[in-house]
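S.K.: Model the following, please.
(chains A and B)
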Amino acid sequence: AQSVTQLDSHVSVSEGTPVLLRCNYSSSYSPSLFWYVQHPNKGLQLLLKYTSAATLVKGINGFEAEFKKSETSFHLTKPSAHMSDAAEYFCVVTGDSSYKLIFGSGTRLLVRP
Amino acid sequence: DSGVTQTPKHLITATGQRVTLRCSPRSGDLSVYWYQQSLDQGLQFLIQYYNGEERAKGNILERFSAQQFPDLHSELNLSSLELGDSALYFCASSASGRLDEQYFGPGTRLTVT
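M.R.: The predicted structure is shown next:
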């Protein structure tokens, strides 16, 4: 069965410093992986996706993630945090049917001025 | 704005009642997905429809049902409501039945009192 673990429930950074949100996955086959962001009282927005092409994936708003099969990780990074990045981030893996998404528990990113 | 619309935005109802949540997918998208987001269980996939037919099922209770109509809008019916059904219900759509990007609506917040 597929699963995804987000290692930190909360991450706090200062504006202008790097962001690292950690995600490990478990899958019995080559998965597709995604990062979604949810701002307060908003729906989810796709940040980036990995679907077995390049292992370093660039997304919107300066975010990127690297797929590391040997470590079963798909960590999300950004070189410099902005106040508008404060939100909840979800790491997502495809389910066995490939039609459903399996969400991690989420990481709430706080950005201090 | 993802192009996915959901109505109503908020719904307050009593235990034992039945409600219907409505979703209109992005123009041209054939697949509709329903998700439930609650504090204790996080984001969970409920069910997917593709071009009017059920395609995949997740953790959907028997008290819940969904359908997709010929114009591709979808409805999620929740009956015999319990306090634990209080949650944010998201609809998402994608272009086809394969794993394309899913675009999420703003959600319907259901409160059962």
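S.K.: which residues sit against the helix or strand of chain A with the lowest mean pLDDT?
M.R.: Ranking every helix and strand in chain A by mean pLDDT, DSSP states H and E puts strand A:101-103 at the bottom, with a mean of 86. By Cβ atoms under 8 Å, 6 or more residues apart in numbering or on different chains, the surrounding residues in contact with strand A:101-103 are A:2-4, A:34, A:36, A:90-95, B:33, B:35, B:42-45, B:102. C-betas here are computed from N, CA, C, even on glycine.
S.K.: List only buried entries from these.
M.R.: A:2, A:4, A:34, A:36, A:90-95, B:33, B:35, B:43-45, B:102 (16 or more other Cβ atoms under 10 Å in any protein chain shown).
S.K.: So which residues of chain A form strands?
M.R.: Assigned by DSSP state E, the strands in chain A fall at A:3-6, A:10-14, A:19-21, A:23-26, A:33-38, A:44-50, A:56-58, A:64-68, A:73-78, A:87-94, A:101-103, A:107-112.
S.K.: Rebuild the ones you listed as JSON lines, extending it with distance to residue B:78.
M.R.: Putting these into JSON lines (distance: least, Cβ to Cβ, whole Å) gives the following:
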{"stretch": "strand A:3-6", "distance to residue B:78": "27"}
{"stretch": "strand A:10-14", "distance to residue B:78": "31"}
{"stretch": "strand A:19-21", "distance to residue B:78": "33"}
{"stretch": "strand A:23-26", "distance to residue B:78": "31"}
{"stretch": "strand A:33-38", "distance to residue B:78": "22"}
{"stretch": "strand A:44-50", "distance to residue B:78": "21"}
{"stretch": "strand A:56-58", "distance to residue B:78": "36"}
{"stretch": "strand A:64-68", "distance to residue B:78": "35"}
{"stretch": "strand A:73-78", "distance to residue B:78": "33"}
{"stretch": "strand A:87-94", "distance to residue B:78": "23"}
{"stretch": "strand A:101-103", "distance to residue B:78": "20"}
{"stretch": "strand A:107-112", "distance to residue B:78": "28"}
